[in-house]
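Peer 1: For reference, the sequence and a predicted model appear below.
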Amino acid sequence: MKPEVLLMGPMYGPTMEALEAAFAVHHVSKAADRDAFIASLADRITAAASTAFRGMDAATMAMLPKLKIVSHFGVGVDSVDVAAASARGIKVTNTPDVLTDDVADLAIALLLAAVRRVPQGDRYVRDGKWADKVFPLTGTIQGKTLGIVGLGRIGRAIAKRAEAFNLKLAYQGPHRKADVSWPYHANAVSLARECDFLVAACPGGEPTRGLVSRAVLEALGPEGVFVNISRGSVVDERAMIELLREGKLGGAGLDVYDHEPRIDPAFFTLENVVLQPHVGSATHPTRRAMGQLVVDNLAAFFAGKPLLTPYN
Ligand code: 8YV
């Protein structure tokens, strides 16, 4: 009998195939009655696999008295109640490092697209307008200052790319980093005042909820551009929409939002925003590597071996 795994929601196809090959997988997403389905397995399930959109909250953990591991597909674990897991000695694993470069690439792509108005230029050509008039000049990223909210693995990868584009750097976070010389700001408003562009690269969840506030976005200003590859919860989205609409924030490049995938329709009419559907890590090689970590952490657990990427 294969070890049993409770799968909270669908994952990348090849990962699902690998899970089915290695484990007896119970699909919560296929159950007519979610709670009844989980309750029916409660005395057998020691391992679960979760995603950003189908996590593992404390109530679900409480339904699984024998749960010992949650293997999460993603680096951001805000859809898992890690505190509740730790309180019960449940290990949570995630998928760091393998996605860092793709996510950082998208952050730079969003910045360039927003500042150089790449989507608008594409539409301008497709609409046949170029024949009548040249496309309006745009701003540049050259020589500007990029503020990074959260200088973790992804933030550092963004910084590495930004330097190659001749951007100056500054950062904000809970602590000054001893190994970098860029200006440090403990406060995001202070950072925003000193920057032309701001990128949110910090973890999601309650500790960072609303960190990029209305005051931060106002400090970034009417020429400023905000990029978010973190979580929608990190920014005051209502304030961002208002400031973009009123021209008090110059532009935005967004990959994450409140209430994904049914985001605020106000975004659809904002001309100064570049929108992406939470695709930071959405490349085949990266999703394959993420999925492999999900499988390998579960396999290590069942084999009584050290977990590869423990989060708590
Ligand atoms: C994925 C992410 O979109 O790693 C994360 O935290 O947000 C992205 O890699 C997410 O895991 C859902 O597939």
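Peer 2: Cool, got the structure.

Peer 1: residue closest to the middle of this structure?
Peer 2: residue 230 (3.9 Å; C-alpha atoms, centre = their mean).

Peer 1: Once you drop chain neighbours, what's closest to that residue?
Peer 2: Nearest non-adjacent residue to residue 230, counting by C-beta to C-beta, 6 or more residues apart in numbering: residue 200, 4.2 Å away. C-beta: built from backbone N, CA, C; applies to glycine.

Peer 1: residues contacting the one you found?
Peer 2: 149, 150, 211, 212, 226, 227, 228, 229, 230, 234, 235 (C-beta atoms under 8 Å, 6 or more residues apart in numbering).

Peer 1: and the closest residue to the ligand within the stretch 151-300 of the chain, helix, strand or coil?
Peer 2: In the stretch 151-300 of the chain, the residue found nearest to the ligand is residue 281; the distance is 3.3 Å by C-beta to the nearest ligand atom. Three-state call for residue 281 (DSSP: H, G, I helix; E, B strand; the rest coil): coil.

Peer 1: From residue 244, how far off is it?
Peer 2: 26 Å (C-beta to C-beta, to the nearest Å).

Peer 1: can you give me the strands in the chain?
Peer 2: 4-7, 24-27, 47-51, 69-73, 91-93, 145-149, 168-172, 184-185, 197-200, 225-228, 251-254, 273-275 (DSSP state E).

Peer 1: Run through the neighbouring helices and strands of the last one.
Peer 2: By that I understand strand 273-275. helix 100-116, strand 251-254 (3 or more C-beta pairs under 8 Å, 6 or more residues apart in numbering; DSSP states H and E).

Peer 1: Of all these, which one is nearest the ligand?
Peer 2: Comparing the helices and strands packed on strand 273-275 by C-beta to the nearest ligand atom, helix 100-116 comes nearest, at 7.0 Å.

Peer 1: by contact count, what packs against the closest one?
Peer 2: Looks like helix 100-116 contacts helix 153-164, strand 197-200, strand 225-228, strand 251-254, strand 273-275 (3+ C-beta pairs under 8 Å, 6+ apart).

Peer 1: Turn the ones you listed into TSV, including distance to the ligand and mean pLDDT.
Peer 2: Shown next, in TSV, are the helices and strands packed on helix 100-116 (distance: least, C-beta to the nearest ligand atom, whole Å; pLDDT from 0 to 100):
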stretch	distance to the ligand	mean pLDDT
helix 153-164	9	98
strand 197-200	13	99
strand 225-228	12	99
strand 251-254	13	98
strand 273-275	15	98
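
Peer 1: mind checking which of those is nearest residue 305?
Peer 2: Closest approach to residue 305 among the helices and strands packed on helix 100-116 (C-beta to C-beta): helix 153-164, 24.4 Å.

Peer 1: List the buried residues of that closest one.
Peer 2: Across helix 153-164, burial judged by 16 or more other C-beta atoms under 10 Å covers 153, 154, 155, 156, 157, 158, 159, 161, 162.

Peer 1: Same question for stretch 123-136.
Peer 2: residue 124.

Peer 1: how far out from the middle of the chain is it?
Peer 2: Taking C-alpha atoms, centre = their mean, to the nearest Å, one finds the center of stretch 123-136 at 34 Å from the center of the full chain.

Peer 1: returning to what we had before: okay, the helices and strands packed on strand 273-275, which one's buried deepest?
Peer 2: strand 251-254 (a mean of 26; mean count of other C-beta atoms under 10 Å).

Peer 1: Might you enumerate the residues of the stretch 1-150 of the chain proximal to the ligand?
Peer 2: Within the stretch 1-150 of the chain, the positions near the ligand by C-beta under 6 Å from any ligand atom are 51, 52, 73, 74, 75, 76, 99.

Peer 1: Would you convert those into TSV that also reports neighbour count and pLDDT?
Peer 2: Shown next, in TSV, are those (neighbours: other C-beta atoms under 10 Å; pLDDT from 0 to 100):
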residue	neighbour count	pLDDT
51	22	97
52	21	96
73	27	98
74	22	98
75	24	98
76	22	97
99	26	98
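
Peer 1: and which of these is nearest to residue 205?
Peer 2: Closest to residue 205, out of all of these and judged by C-beta to C-beta, is residue 76, at 7.9 Å.

Peer 1: Please name the nearest non-neighbouring residue to the closest one.
Peer 2: residue 204 (5.3 Å).

Peer 1: Would you list the phi and psi of that neighbour?
Peer 2: Per-residue torsions, residue 204: phi -90, psi -170 (degrees, to the nearest 10).
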